[in-house]
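Chemist: Task: produce atomic coordinates for the following.
(2 chains)
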Amino acid sequence: MKQLMLLGAILLMVHIARAQERFTISGTITAQKTGETIIGATIKAGNTGTTSNEYGFFSLTLPAGSYELEISGVGMQTRKLKVVLNKDMSIPVTLQEASATLDSVTVSASRGRSISNPQMGIERLTVHEISNIPVLFGERDILKTIQLLPGIKSAGDGNSGFYVRGGAADQNLILLDEATVYNASHLLGFFSTFNSDAIKDITVYKGGMPAQYGGRLSSVLDIKMNDGNNKEYSVGGGIGLISAKINVEGPIQKDKSSFLVSARRTYADMFLKLSSDSTINDNTLYFYDLNAKLNYIIGEKDRIYLSGYFGRDVLGAGDLFGIDWGNSTATLRWNHLFSNKLFSNTSLIYSNYNYNISIRDGANNFDIFSQIRDWNLKQEFQWYLNSRNNLRFGLHSTYHIIRPGEVRPSGQSSINPLELQRRYAWENALYASNTWQASDRINVTYGLRVNAFSILGEGDYYAVNENGKVTDTFYYGRGDFVKTYINAEPRLAISYQFNATASVKASYVRNVQNLHLLSSSTTTSPTDKWVASTNIIKPEISDQFSLGYYKNLAGNRYELTTEAYYKTMQNQVDYRDGADIFTSDPIETQLLFGKGRAYGLEAQLKKKSGRLTGWISYTLSKTERKIDGINNNEWYNARQDRTHDISVVASYRLNHKWILSANWVFYTGDAVTFPAGKYQIDNETVYYYTERNGHRMPDYHRLDLGATWVFKPRKKYTSELTFSLYNAYGRENAFTINFRDSEDKPGTTEAVRVALFKFIPSVSYNFKF
Amino acid sequence: MIMHKSISFLAILLLGMLAVSCEKVIHVDLNDAEKRLVIEGVVGNQAGTSKVLVSQTKSFYDGNQFAGISGATVSVTDEDGMVTTFTETDAGMYEAPSLVGETGKTYSLLVQLGEQTYTAVSTMQQQAMMDTIYVQDDNLFGETRKVVQVQFTDPPGRGNGYRFVQYVNGRKDKEVFIYSDELIDGNTATISLRYDDDDDNTAIHSGDTIVIDMFCIEDRVYKYWFSLQQSARGNNWSTPANPVTNITGGALGYFSAQTFERKTMVAP
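Modeler: Numbers count the residues shown, from 1 in each chain, chains lettered A, B, ... in the order given. Purely as a prediction, here's the structure:
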């Protein structure tokens, strides 16, 4: 009897032990039709789950047993998979595209934001979502679309920058397949450098940035390219009023490797050439983009990718004056699975931005060149430790080389050559974070990023007094360390889930920025200068606290997101009066430093499914600066301070043929400096200024309309014709307000409003086969 | 200067090509500030060119007439201690017709008005003479415009600044032509006096009488004119700000010991 009981006990213990044994299901989620990996797909097993990472990989550790996994991805049909988990399993999962039937109210056209995930301050967009939003000149544009989201503000018509939660235009980290894009716009901001045909995923972090990102204070715009269809060839393209594009992708070895090439070019300059007027037909105005990617699945555990981007803008007035600028980036990546719980990615990244100005004036012939170049190594591990802990840690090392400005005379010239000293910096970061499911209702992501920015020789560094005069010069040899700034950046986020549809989240992040963009004008320009921290220019630091409430309504058809934030910024850079950022004097003699603060409230109501989709967003905010030497050392409104900002975006699927869309934006005017008086110098009117940014531009509002005519697909050939009307009611929004002597009433001065775009129509035709 | 011209060129090029902007005169509410004193002081290298103008700021919506201030005590002391008193010839205009400045000498300005005192210091630069001026046709954006070219030789050594004023048929061009020797140090340079105004009134036509004045100025005065041209001419391109003055005491304006030369020609 005792033996039986012992045996029974042993068997019971073995059974219990077995029952508590945990196994891991892992795999890669791909789209069945194209083989593209799916980022951020959710895999649910009971009341736990996970999401696929940026390479489509997921890993879920569960107690042994039977499960019905529910796997869903944006724009894809949800798939249910029955699994019996009694050992580790590696399963490739494919998802089918959801057919766009009009009645399918459950298929969401947009990525839902998560109730439980502690990540806040995040906006995610798919290319599909942005495809129907009408924009200027009819080009689908990522940068223009994100400016319709709460907390992300446009810098105005004809302006390329954007401001996130009161931050300046250089405080946004823009990544394309992990490579930094220094100037993400073409033609002074009319188009972005991102050809949406090549893009898979767009994620914007406005706050709560996870530890794997660093380098800019206010936001991260992480853009991922498509890998390339590895099942069959596909060609797509389009032609619009301003530009034409083409996209070719396909397998090199079916299911194993694929390539993708996308190209885009404007052809507006061809109209210039048609003119018989020689002062028009030899002007140049064009830009082009080229995106290319190769990827190869080596085996079950390894995959490599090579992606690149090359783009250029060229403007010229005959031979007299020309300017061209552009980015080039390249990324080589290797995914490796050390185990079904340990995913690794190694990346080698190159990024380059430069511009060249060419002047052939007759007697003054010269070129001006400026460049920033990065070489980057990134090593990251994602360790899916257990069902409650998901760790991410890694190293990021970047070598920056800046050539601030070189003047090269050409031929016969009265111009002397000039080369501003090159600047070198080595930036290293180590980071680790864990997403921890503390309980059924509480999720926490806690992490730390430590950034070490080392300024290196060869070069001269200076001491500058409070009047901007150089008082001392220090020479450093090649490879010498001038100074290293070490900063710790804690990243913390917590979510508390009330129930399946509502949660509250809070986060605190510190961000450090060591590259600063100096601009000679109030708008961004391709000739703005990137400058690294020096012994005088300290790293910018921001601390951001945010709190948010999230609710899904009406059976997840509506999402309500509300977030409040408070951000402080240190070591902000501004300019002395009369500063010349192109001076050959040390740049620190032109700069002033101080601090900033920004706070606000954002609210968004989003309808995700049905015939009518879209969102309404509202932002109430303030951003101020206090710089030693400006505005009597008192707080003043930052240029980008804008109190109210409203966007309404709607897309309506009328029938199988037509999709109608509209967006309406309204914002109160930016802070601006207007004259407080005037006087005469040498018989000319000169304006007198007192407070900085004490006035407001007029309110801005605009309605854009769009309509897409989807043609009946023939075999594999699909096509559509998109019409759009930008600024449909022709509001004359002020691009700038200038002051001048009046022509109509001589002897007086007047204010003049310059408005840019009214009633701009466009048509574009897009196809795919 | 060239970079800034390049950038505004770029913007004009682009907007010009897209040709879709429109302008409208509007009324803007402006906060009137307390009046501020303006001093424009010059010591020239020729008799009759040394003048000091003392005026005041006005409200934006007032007329443009010069708001001269009478009753100031104005004097210039040279580095040897010689004091020259300026006499008021008109409201706000103070002159010293016999004062002739010399290259290399430093002059100090003293203006007293009521209880307030304003001082400034400036050194006369070596004069670079205009070798020649001629008119060249500039072809841009579908129009041909005549632009004056000035050739001169910059003395070696950084710190020379140049200001030009252009008169067409007696009417002064609004443009501020201001250059430094940053890129042309020690060279014989040719400067194009390219004006941005697309107003036909100031365009140069065949047969027009053109007068070019050249002033050789020191670094601090170059800085004054550069910052004036960038930030105080009423456009919002650069952050608006008051020009960087070399006058202490809280006045706007500048004081410059400068050379003067005038050349006249008729446009072919």
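Chemist: Local confidence estimate at the residue most central in space within chain A?
Modeler: Residue closest to the average C-alpha location in chain A (Cα atoms, centre = their mean): residue A:221, at 2.1 Å. Confidence at residue A:221, expressed as pLDDT, is 95.
Chemist: Which neighbouring elements make contact with the host helix or strand of it?
Modeler: Residue A:221 is part of strand A:219-225, with elements assigned from DSSP states H and E. Applying 3 or more Cβ pairs under 8 Å, 6 or more residues apart in numbering or on different chains; DSSP states H and E, we find strand A:219-225 packed against strand A:172-176, strand A:199-205. Any C-beta I mention is one placed from the backbone N, CA and C, and that applies to glycine too.
Chemist: Next up, the contacts around residue A:709.
Modeler: Residue A:709 sits next to A:657-658, A:720-723 when contact means Cβ atoms under 8 Å, 6 or more residues apart in numbering or on different chains.
Chemist: Give me the buried subset of those.
Modeler: A:720, A:722 (16 or more other Cβ atoms under 10 Å in any protein chain shown).
Chemist: where does the residue of the stretch 101-250 of chain B found nearest chain A land in three-state SS?
Modeler: In the stretch 101-250 of chain B, the residue that lies nearest chain A is residue B:227 (2.7 Å; Cβ to the nearest Cβ). Put simply, residue B:227 is helix when judged by DSSP: H, G, I helix; E, B strand; the rest coil.
Chemist: does any part of stretch B:35-50 sit near chain A?
Modeler: Yes. Stretch B:35-50 comes into contact with chain A (Cβ under 8 Å from any Cβ of the partner chain), by way of B:35-36, B:38, B:40.
Chemist: Regarding that stretch, how distant is the last residue from the first?
Modeler: Distance across stretch B:35-50, first residue to last, is 26 Å (Cα to Cα, to the nearest Å).
Chemist: per-residue confidence for residue 136?
Modeler: No chain in the question, so chain A it is. The model's pLDDT for residue A:136 equals 69.
Chemist: That was the other one, I meant chain B.
Modeler: So residue B:136 comes in at 88 (pLDDT).
Chemist: Am I right that it is in a strand?
Modeler: Yes. Counting by three-state DSSP, residue B:136 is found in a strand.
Chemist: Check the burial of whatever residue of the stretch 301-450 of chain A ends up closest to chain B by counting its neighbours.
Modeler: Of all residues in the stretch 301-450 of chain A, residue A:363 sits closest to chain B, at 3.4 Å by Cβ to the nearest Cβ. Residue A:363: 16 surrounding residues under other Cβ atoms under 10 Å in any protein chain shown.
Chemist: That one reaches residue B:136, doesn't it?
Modeler: No. If you go by Cβ atoms under 8 Å, residue A:363 and residue B:136 don't touch, sitting 9.6 Å apart.
Chemist: Identify the contacts common to those two.
Modeler: Joint contacts of residue A:363 and residue B:136 (Cβ under 8 Å, 6+ apart) are residue B:149.
Chemist: Show me the helices in chain B, by range?
Modeler: In chain B, the helices defined using DSSP state H lie at B:2-18, B:219-231.
Chemist: Pick out the shakiest of these, pLDDT-wise.
Modeler: Minimum mean pLDDT among the helices of chain B: helix B:2-18, a mean of 60.
Chemist: Lovely, talk soon.
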